[in-house]
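In: Predicted model and sequence below, questions to follow.
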Amino acid sequence: MGAAEGRGSRRARAWAVAGGITGGVAVGAALAYGVPRYVARRTRASSSDPYAHEPFEMPPTNSVRTVETRDGASVHVETAGPEDADLTVVLVHGYMQDMGTFYFQRKAIADAVRGGLRLRAVLYDQPGHGRSSGLVRTEYSIDDLAEILFDVLEEAAPRGPLVLVGHSMGGMTIMAFARLYPEVFRERVRGVAFLSTSAAGLDTVETKAMRALRRLRRTVLPMLQQVAGWTPDLIDRSRLLAGDLGWLLTRKAAFRSPNPPGSIVTLVERMNRRTSIQSIVGYARAILDHDSTAVLPQFKGLPILVAVGDDDPLTPPGHSRRLAEALPGSRLELIAEAGHSPQLEYPGEISQLLLEMIDKVAAEMGEGPQRPEAVPPGAGQVRYRRWKPFSRGRALP
């Protein structure tokens with residue numbers, strides 16, 4: 001064989017190898033993209049979805065505004081209900097979500113308003129979540145969030161009694177708010193609902209999710225803080241490409257009900273993707289270091305609802321039990337077959353509990369149709385009008 005033939009043969013073999021590698025990469029890419037997409041579509045299609053036609057992007061809304069906070073964040077705020085309502089309910093969402101997590105509770109409040117209750121809801125996206133901009137620094141604290149809650153109240157609900165509702169990190173925000181603004185809290189807050197939250201000790205939770213968060217803090221967090229500081233847009237664009245794979249991971253990780261509705265999985269996955277990488281990194285340490293046990297006595301005497309999924313991997317039921325024990329007279333509810341977001345997995349049950357607490361607050365205020373109704377002589381107690389119960393797994397009527 002001549003030199004030219006040898007070179008030609010080697011070149012042919014090289015092209016063959018290159019072609020094989022390219023083909024293998026193409027097949028791998030097709031599988032990585034196509035298999036999750038196929039499985040996700042099959043899963044969506046096979047689910048009986050009672051919320052398939054819910055207008056999640058168009059919830060009941062009376063006003064939309066942007067609040068410029070002292071920390072330099074532009075916070076997206078929405079309200080539902082009359083501006084001159086007797087009672088304002090402020091709903092504060094948690095880590096890697098946004099105000100969309102309270103879609104069904106917002107709908108329930110709007111329904112109550114149509115039923116004659118003078119009630120108003122205020123919702124906002126925490127900094128770096130949803131449609132709110134992030135804070136200027138790369139690492140945040142729960143105190144930052146409490147100050148932003150104060151700024152939102154100053155702009156969107158500057159006067160009148162309040163009911164504060166916090167899910168996960170939102171509950172921590174409320175605890176920090178009570179510590180930083182004790183006079184405002186004492187004068188205005190009439191009731192509190194804590195959903196899937198904790199007063200302290202999340203750094204010791206032995207679940208896969210929390211162990212992963214601790215590993216993030218110890219090993220990946222320092223590196224990501226540097227990376228996120230330089231290329232956050234590139235990282236976030238990469239996350240947006242996760243698509244159906246992200247949907248499947250969300251379905252597996254975020255839900256405990258055996259067959260979660262596909263539209264709810266999509267809602268949660270979308271909220272996760274909207275949360276910037278800087279916020280995911282920046283809030284991790286704040287959540288693990290959170291300790292508000294010292295402020296809990298300030299909640300004494302208020303109607304308190306504590307609710308948690310019985311299989312919550314992020315804030316396990318033991319944390320809610322300890323929180324309820326520290327708040328004498330509070331109502332503790334364990335939601336069966338629910339994970340970290342029972343307000344979405346079983347919205348009827350959480351909406352019912354929340355409306356009952358609001359009903360009780362309004363009755364204690366002596367407002368309108370929520371006044372206690374007299375019972376027959378000799379009964380020795382008063383009873384409050386109960387809201388129509390919502391069945392599990394169904395949207396509000």
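Out: Sure thing, it's come through. Bear in mind that the values here come from a model prediction, so they are computed numbers and not experimental data.

In: Quick one: residues contacting residue 287.
Out: Contacts for residue 287 (C-beta atoms under 8 Å, 6 or more residues apart in numbering) come out as 95, 142, 169, 172, 202, 213. In this view, the C-beta of every residue, glycine as well, is placed from N, C-alpha and C.

In: Which helix or strand contains residue 348?
Out: For residue 348, the element it lies in under DSSP states H and E is helix 347-365.

In: Report the buried residues of that helix.
Out: Buried residues in helix 347-365, defined by neighbour count with 16 or more other C-beta atoms under 10 Å: 347-364.

In: What count of nearby residues applies to residue 113?
Out: Residues lying near residue 113 (other C-beta atoms under 10 Å) number 19.

In: tell me, how many neighbours does the residue nearest to it when sequence neighbours are not counted end up with?
Out: Closest residue to residue 113 apart from its sequence neighbours, by C-beta to C-beta, 6 or more residues apart in numbering: residue 81 at 4.9 Å. Counted with other C-beta under 10 Å, the neighbours of residue 81 add up to 25.

In: What pLDDT does the model give residue 81?
Out: On the pLDDT scale, residue 81 is placed at 95.

In: Can you tell me how far it is from residue 297?
Out: Counting by C-beta to C-beta, to the nearest Å, the gap from residue 81 to residue 297 is 32 Å.

In: Tell me the most packed of the contacts of residue 287, by neighbour count.
Out: Result: residue 172 is most packed of the contacts of residue 287 (other C-beta under 10 Å), 28 neighbours.

In: Break this protein into its domains for me.
Out: Listed domain ranges for the chain are 14-46, 63-370 (source: automatic domain parsing).

In: Of those, flag the one that's most buried.
Out: Of all these, domain 63-370 has the most neighbours on average by mean count of other C-beta atoms under 10 Å, namely a mean of 19.

In: Output the below-cut-off pLDDT ranges for the stretch 51-200 of the chain.
Out: Applying pLDDT under 70 to the stretch 51-200 of the chain flags residues 138.

In: returning to what we had before: could you say what helices and strands the helix holding residue 348 packs with?
Out: strand 87-92, helix 103-114, strand 162-167, strand 189-195, strand 304-309, strand 331-335, helix 342-345 (3 or more C-beta pairs under 8 Å, 6 or more residues apart in numbering; DSSP states H and E).

In: Redo those as TSV? Include distance to residue 60.
Out: TSV is the format used below for the helices and strands packed on helix 347-365 (distance: least, C-beta to C-beta, whole Å):
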stretch	distance to residue 60
strand 87-92	13
helix 103-114	4
strand 162-167	16
strand 189-195	19
strand 304-309	22
strand 331-335	24
helix 342-345	16
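
In: which one of those lies closest to residue 279?
Out: Proximity of the helices and strands packed on helix 347-365 to residue 279 was assessed by C-beta to C-beta; the nearest stretch is strand 87-92, lying at 15.1 Å.

In: Can you list the neighbours in contact with the closest one?
Out: 99, 102, 105-106, 109, 118-124, 126, 149, 152-153, 157, 160-167, 170-171, 173-174, 190, 358, 361-362, 365, 367.

In: Grab the CA positions of that strand and hand them over as CSV.
Out: Backbone C-alpha positions of strand 87-92 (Å, rounded to 0.1, in the frame of the first residue of the first chain) are rendered in CSV as follows:
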residue,chain,number,x,y,z
LEU,A,87,-60.1,43.2,56.8
THR,A,88,-57.1,42.7,54.6
VAL,A,89,-55.5,39.2,54.1
VAL,A,90,-51.8,39.4,53.1
LEU,A,91,-50.5,36.2,51.4
VAL,A,92,-46.7,35.7,51.5
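
In: and the angle for that strand with helix 103-114?
Out: On the basis of axes from the mean of the first three to the mean of the last three C-alpha atoms, to 10 degrees, strand 87-92 is oriented at 170 degrees to helix 103-114.

In: Enumerate every residue touching residue 279.
Out: Contact partners of residue 279, counting by C-beta under 8 Å, 6+ apart, are 96, 127-129, 134, 140.

In: likewise residue 268?
Out: 97, 101, 250, 254, 341, 344.

In: For it, pull up the helix or strand it's in.
Out: Per DSSP H and E: helix 262-274 holds residue 268.

In: After that helix, which helix or strand is next?
Out: Later in the chain than helix 262-274, the nearest helix or strand by DSSP H and E is helix 277-289.
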